[in-house]
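# When you get a sec, could you give me coordinates for this:
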Amino acid sequence: MGMIIIPDMTTCFSSPADLGRLGRHPSGPGPIRRAAAAIAVLLGLVVAGCGTEGSAGTTTSTSTTTAESTTTSTTAPVPAVPAPAPPCPVEPVQVVVSVDQWGDIVEQLAGECAKVTTVIASSAIDPHDYEPSPADIASFSDAEIVVVNGCDYDHWADETAEGLSPTPTIVNACEVVGKTDGDNPHIWYGPDFVFAVAGAVTQQLQAALPTAGTYFPDRAAAWNESMQGYRDEIARIRAEFPGRPYAATESVFDYMGDALTLRNTTPEGFARASANETDPSPGDVQAFDQLLASGGAGVLIYNVQTEGSIPQQVRDVAEGAGVPVVEVTETVAEGATSFAEWQVAQLRALQQALSGAR
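Here you go, the predicted structure:
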């Protein structure tokens, strides 16, 4: 019987992507290049990079970049949520976020100086095929900033925002990190990407409320500190398991695998079919089974939100072959209080699995 690692939900990085791509306003010419002071504060936090690289349950709340970790924490874990934000000195800005993978980050960066609405805040909803309700569309109408994932992951959000008049400022995570439609859309699993997008969001918040002074740079610094446990776990796995082979039932974890310097041995045909959301051929499934049976993967990364019998079949083969199974989720896991807590729990489960892998 294989070892199944289930996160207990307890409680890198790069220089940002080209700053000219940090935000865009579709109705204006070229990239937005405001808020130099805020970016200077954010860039002061950057050191050498270490990566590679129906209606939804809408939630509303009021609510960067970082250095590579060089040590692994052996004391009490760093809080995964920044200290409570102080009151906003000005009228808050209206922000809409398409999916909860980015919603928590935006809320932490905005503090009390934004009213943040996250459209898809439920793991039961597939953003790929989501059709916004009239209530969802209405939530965009007053937005001054819209944060979307892009890479055709949540095209409905980008299309809705661009159809508004006036058009809000749009932070497209896919564009921020230099990706495009057709690329792996799971940007939030790339550590470098997370910090680059956070920098883009802070830039646009500062541009929208320039009279807020240092409020947003201060929030970025607090959020950056709360991400230390995340950086520590990544640094630990990179140091202990460079080049260790893994396989995955789909591409959700690939950017993190690259950042950890793990080696993805998922059969090419199976991986391609999964990325295209089609069923792999019987030969692709057989190749995966043989890989697991022969010890070609130290662990199996399994997205528990994936539907269908084939991923479950692959998992069964892994368990039968004694390959540890690490469960991950595409959206923020139930019970997680922050993006950092969600990711740290999964990284610790992975570290445990790699330590016990054959």
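
# mind exporting the helix or strand where Gln94 lies as PDB, just the C-alpha atoms?
Gln94 belongs to strand 93-99 when assigned by DSSP states H and E. Coordinates of the C-alpha atoms in strand 93-99 are reproduced here as PDB (Å, rounded to 0.1, in the frame of the first residue of the first chain):
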ATOM      1  CA  VAL A  93     -10.400  51.700  -3.900                       C
ATOM      2  CA  GLN A  94     -12.800  49.100  -5.500                       C
ATOM      3  CA  VAL A  95     -10.900  45.900  -6.600                       C
ATOM      4  CA  VAL A  96     -12.300  42.700  -8.200                       C
ATOM      5  CA  VAL A  97     -10.300  39.500  -8.300                       C
ATOM      6  CA  SER A  98     -11.400  36.600 -10.600                       C
ATOM      7  CA  VAL A  99     -10.200  33.600  -8.600                       C
END
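
# Quick check: can you name the pairing partners of that strand and their directions?
When pairing is defined by DSSP bridges, strand 93-99 lines up against strand 114-120 (parallel), strand 145-148 (parallel).

# immediately after the last one, which helix or strand?
Which is strand 145-148. Immediately after strand 145-148, counting by DSSP H and E, sits helix 155-162.

# The following helix or strand past that next one - contacts with which helices or strands?
Sequence-wise, the next helix or strand downstream of helix 155-162 (DSSP H and E) is strand 169-172. The elements that strand 169-172 packs onto, with contact taken as 3 or more C-beta pairs under 8 Å, 6 or more residues apart in numbering; DSSP states H and E, are strand 145-148, helix 155-162, helix 191-208. Yep, even glycine has a C-beta here, placed from its N, CA and C like the rest.

# mind giving me CSV with the ones you listed and columns for mean pLDDT?
Output for those, formatted as CSV (pLDDT from 0 to 100):
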stretch, mean pLDDT
strand 145-148, 98
helix 155-162, 92
helix 191-208, 98
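
# before we move on, back to that, show me how far the strand holding Gln94 is from its chain's centre.
Mean-position distance between strand 93-99 and its chain equals 16 Å (C-alpha atoms, centre = their mean, to the nearest Å).

# what's the answer for stretch 139-146, then?
22 Å.

# gap between the two ends of that stretch?
10 Å (C-alpha to C-alpha, to the nearest Å).

# can you start the count at 732 instead of 1 from here on
Understood, numbering begins at 732; the last thing we discussed is stretch 870-877.

# need the helices and strands packed on strand 900-903 in JSON lines with mean neighbour count, can you?
Formatted as JSON lines, the helices and strands packed on strand 900-903 follow (neighbours: other C-beta atoms under 10 Å):
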{"stretch": "strand 876-879", "mean neighbour count": "28"}
{"stretch": "helix 886-893", "mean neighbour count": "19"}
{"stretch": "helix 922-939", "mean neighbour count": "28"}
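
# Same list, those, but as JSON lines with distance to Gly1027 please.
JSON lines is the format used below for the helices and strands packed on strand 900-903 (distance: least, C-beta to C-beta, whole Å):
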{"stretch": "strand 876-879", "distance to Gly1027": "37"}
{"stretch": "helix 886-893", "distance to Gly1027": "36"}
{"stretch": "helix 922-939", "distance to Gly1027": "26"}
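
# pLDDT below threshold where in the stretch 832-981 of the chain?
Along the stretch 832-981 of the chain, segments meeting pLDDT under 70 are nowhere present.

# which residues in this protein form helices?
767-774, 831-841, 865-871, 886-893, 904-907, 922-939, 946-957, 959-971, 985-990, 999-1006, 1013-1024, 1040-1051, 1070-1087 (DSSP state H).

# With respect to Tyr977, which of those helices lies nearest?
helix 985-990 (6.3 Å; C-beta to C-beta).

# domains of this structure?
Under the assignment automatic domain parsing, the domains of the chain span 743-963, 972-1087.

# With distance to Pro858 added, can I get the strands paired with strand 824-830 in a markdown table?
Below are the strands paired with strand 824-830 laid out as a markdown table (distance: least, C-beta to C-beta, whole Å):
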| stretch | distance to Pro858 |
| --- | --- |
| strand 845-851 | 6 |
| strand 876-879 | 10 |
